[in-house]
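S.K.: got a predicted structure plus its sequence, pasted below:
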Amino acid sequence: MTDFSAVSARARGLKHHLFSKSELETLAGSEGLVRALAHSGKLNVPENASATEVESSLQQTVAQLRKTLARWEGAAPILEVFDARSDRRSLRALLRGALQSAPAESRLAGLFATPTLPARLVAELANQPTLRDVVSHLIVSGHPDGPRLATIADALVRVDLDDDAVTRAWDVQL
């Protein structure tokens, strides 16, 4: 059995680079949210940053912290779980966006790159016009979930793609 205590202690140390619950609550009620983020020192954003720039900075920060964790011995199993959950969340959002014909920038909101779903691939998937095109691109790219999604793509097109429907369809294949 692996002892994750060292990785856990290091991860807790990284929390100082993140916002606390009270900081987030304060920022949520702040009129100058971007200004507050810029002055926090936790995100690299200018005071006049757009929402897209704030999102990009957040994604870069998460990627940097993930890379820091990845360097620590014993972190791999934990990061594999995090990455799998992130991939699943990202793919659900991308599939839902394709079904709804949402603009690519909307499909990308809140998504984080992982080793199996790098930022370039996420951007390419967000620009695919249909759900079937997203799945085909996943298969061509060699993503491990591509073949599984191909088997349920027709069912996903026919259902109202809420989170429960995606989860049920996905879980059938797991």
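M.R.: Structure received.
S.K.: Three-state assignment for residue 115, please.
M.R.: coil (DSSP: H, G, I helix; E, B strand; the rest coil).
S.K.: swap that for residue 111, sorry
M.R.: Once three-state DSSP is applied, residue 111 turns out coil.
S.K.: quick one: the closest residue to it other than its chain neighbours from residue 68, how far?
M.R.: Nearest residue to residue 111, sequence neighbours excluded (CB to CB, 6 or more residues apart in numbering): residue 90, at 4.5 Å. Where you see a C-beta, it was placed from the backbone N, CA and C, and this is true even at glycine. Here residue 90 is placed at a distance of 21 Å from residue 68 (CB to CB, to the nearest Å).
S.K.: of those two, who's got more company?
M.R.: Each of residue 90 and residue 68 has its neighbours counted (other CB atoms under 10 Å); residue 90 has more, 22 against 15.
S.K.: and the helix or strand where the more buried one lies, C-alpha only, in PDB?
M.R.: Assessed by DSSP states H and E, residue 90 sits inside helix 76-99. The C-alpha atoms that make up helix 76-99 are tabulated as PDB, following Å, rounded to 0.1, in the frame of the first residue of the first chain:
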ATOM      1  CA  ALA A  76       1.000  10.000  -9.800                       C
ATOM      2  CA  PRO A  77      -1.900   7.900  -8.500                       C
ATOM      3  CA  ILE A  78      -3.600  10.900  -7.100                       C
ATOM      4  CA  LEU A  79      -3.100  13.000 -10.200                       C
ATOM      5  CA  GLU A  80      -4.400  10.100 -12.400                       C
ATOM      6  CA  VAL A  81      -7.700  10.300 -10.500                       C
ATOM      7  CA  PHE A  82      -7.800  14.100 -10.700                       C
ATOM      8  CA  ASP A  83      -7.000  14.000 -14.400                       C
ATOM      9  CA  ALA A  84      -9.600  11.300 -15.100                       C
ATOM     10  CA  ARG A  85     -12.300  13.400 -13.400                       C
ATOM     11  CA  SER A  86     -11.100  16.500 -15.200                       C
ATOM     12  CA  ASP A  87     -11.200  14.700 -18.600                       C
ATOM     13  CA  ARG A  88     -14.700  13.400 -17.900                       C
ATOM     14  CA  ARG A  89     -16.000  16.900 -16.900                       C
ATOM     15  CA  SER A  90     -14.300  18.500 -19.900                       C
ATOM     16  CA  LEU A  91     -15.600  15.900 -22.300                       C
ATOM     17  CA  ARG A  92     -19.200  16.300 -21.000                       C
ATOM     18  CA  ALA A  93     -19.000  20.000 -21.400                       C
ATOM     19  CA  LEU A  94     -17.600  19.700 -24.900                       C
ATOM     20  CA  LEU A  95     -20.200  17.200 -25.900                       C
ATOM     21  CA  ARG A  96     -23.000  19.300 -24.500                       C
ATOM     22  CA  GLY A  97     -21.600  22.400 -26.200                       C
ATOM     23  CA  ALA A  98     -21.500  20.600 -29.500                       C
ATOM     24  CA  LEU A  99     -25.100  19.400 -29.200                       C
END
